[in-house]
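S.K.: below is the sequence, then the predicted model.
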Amino acid sequence: WTKIWLPLQLIKDKPDIFVGLNQSLPLKLPLQTYKSIVIIHDLLFEEYPKMYPGSYRKLHAESKAAARYADTIIVPSKATKKDIEKFYGISEKKIIVIPEGVRAFDYTQGKKGTGSRIKGMTASPYFLFVGALKPQKNIPMLLKAFSNISNSKYPIANLQLLIVGGDVWKDKEIDKTLKKFPEKVQKRIMFLGNVDEITLANLYKNALAFVSPSLSEGFGLTFLEAMSFGVPVIGPKAGAVPEVVGRAGILVDPKNTKEIAQAMENMLDEKVRQSLSTKAIVQAQNFTWMKFARDFLGVIKQG
């Protein structure tokens with residue numbers, strides 16, 4: 001479709017501008033004069049190629065070609081912009097940063113106190129992770145940090161860690177790590193899979209904190225979602241997360257278990273959570289899809 005039928009369709013339609021939404025562009029045939037804009041969300045596969053064994057070659061080829069031949073590249077963060085310059089040698093002059101926005105949840109359904117209506121979940125306080133269970137998300141390190149909290153000087157008998165997300169690209173180290181924990185710790189960790197939007201809103205709203213020590217992020221939408229509910233976040237100092245979180249959360253070395261665990265322990269302090277909660281709401285308001293659309297439209301109008 002992308003390499004044969006779409007180019008033929010573009011000959012027929014004669015567009016002024018073509019926008020590639022998934023960091024790839026169709027083959028541009030002779031005599032075609034349209035301008036091309038491509039969105040490149042992240043280049044994590046370039047930074048960690050071994051974590052993409054089945055898709056690296058295709059991702060690399062498509063993204064590199066799109067970056068080279070596009071008239072304009074749109075990225076969601078300064079971090080992704082730097083990666084494009086670093087890995088592909090692209091001039092910063094044709095790269096435009098337009099931050100993404102936080103989606104509008106049905107807040108009327110996300111009422112306080114309804115987040116525990118999940119089978120097997122207690123009314124205990126919990127930390128929350130949301131995202132695909134792929135290696136880049138560094139979930140084994142999160143599990144180890146949580147295990148350290150369970151044995152810390154601030155024990156909470158029923159403290160839980162809830163993990164939401166699909167397992168299509170599940171990190172094989174997750175199960176290996178779980179098996180090393182005592183049964184009492186394993187029981188406090190729940191994998192909920194994919195959940196509907198109302199359930200997700202409830203889980204965000206009732207969490208002690210959102211924790212995602214990912215190795216890197218091209219942006220960090222789940223951090224924004226949590227922050228929009230006034231939930232403090234713990235994230236990596238790497239990638240685009242510092243741009244998104246600002247001072248509204250605790251940033252850690254994603255490869256340091258003790259540092260992640262210490263941040264989680266700090267979140268058990270209500271004063272710390274309240275302070276970061278206020279900052280989180282304010283910070284999240286800086287990122288809207290309306291602003292993204294307005295800035296994107298401005299790029300299109302410029303041709």
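M.R.: All right, it came through fine.

S.K.: how about the contacts made by Asp71?
M.R.: For Asp71, the contact set (Cβ atoms under 8 Å, 6 or more residues apart in numbering) comprises 35-37, 94. For glycine as for every other residue, the C-beta is placed from the backbone atoms N, C-alpha and C.

S.K.: just put the residues you listed in JSON lines and tack on pLDDT and distance to Ala238.
M.R.: Compiled in JSON lines, those are given as follows (pLDDT from 0 to 100; distance: Cβ to Cβ, whole Å):
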{"residue": "Lys35", "pLDDT": "95", "distance to Ala238": "34"}
{"residue": "Ser36", "pLDDT": "95", "distance to Ala238": "30"}
{"residue": "Ile37", "pLDDT": "97", "distance to Ala238": "28"}
{"residue": "Lys94", "pLDDT": "95", "distance to Ala238": "25"}
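
S.K.: can you pick the most crowded of these?
M.R.: Using other Cβ atoms under 10 Å as the neighbour test, those are led by Ile37, with 21 neighbours.

S.K.: surely that one meets Val19?
M.R.: Yes - the criterion here is Cβ atoms under 8 Å, and Ile37 meets it with Val19 at 4.8 Å.

S.K.: touching both of the two, which residues are there?
M.R.: Ile300.

S.K.: just to revisit the earlier point, which one of the contacts of Asp71 is nearest Val299?
M.R.: Among these, Ile37 lies closest to Val299 (Cβ to Cβ), at 6.6 Å.

S.K.: what's the distance between the closest residue to Pro213 other than its chain neighbours and Ala123?
M.R.: Closest residue in space to Pro213, ignoring its immediate chain neighbours: Pro254 at 4.2 Å, by Cβ to Cβ, 6 or more residues apart in numbering. Per Cβ to Cβ, to the nearest Å, Pro254 is found 30 Å from Ala123.

S.K.: and these two? which has more neighbours close in?
M.R.: Neighbour count, other Cβ under 10 Å: between Pro254 and Ala123, Pro254 has more, with 23 against 10.

S.K.: helix, strand or coil: sort out the more buried one for me.
M.R.: Put simply, Pro254 is coil when judged by DSSP: H, G, I helix; E, B strand; the rest coil.

S.K.: okay, and which of the contacts of Asp71 map to helices?
M.R.: Among these, DSSP state H puts none in helices.

S.K.: need those residues in a markdown table (columns: distance to Gly193).
M.R.: Shown next, in a markdown table, are those (distance: Cβ to Cβ, whole Å):
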| residue | distance to Gly193 |
| --- | --- |
| Lys35 | 42 |
| Ser36 | 38 |
| Ile37 | 36 |
| Lys94 | 41 |
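
S.K.: and the helices in the stretch 51-200 of the chain?
M.R.: In the stretch 51-200 of the chain, the helices defined using DSSP state H, counting those that start in this stretch lie at 56-69, 78-88, 139-150, 173-179, 183-186, 197-206.

S.K.: among the ones you listed, show me which one is buried the most.
M.R.: For the helices of the stretch 51-200 of the chain, the stretch with the most neighbours on average is helix 139-150, a mean of 22; neighbours defined as mean count of other Cβ atoms under 10 Å.
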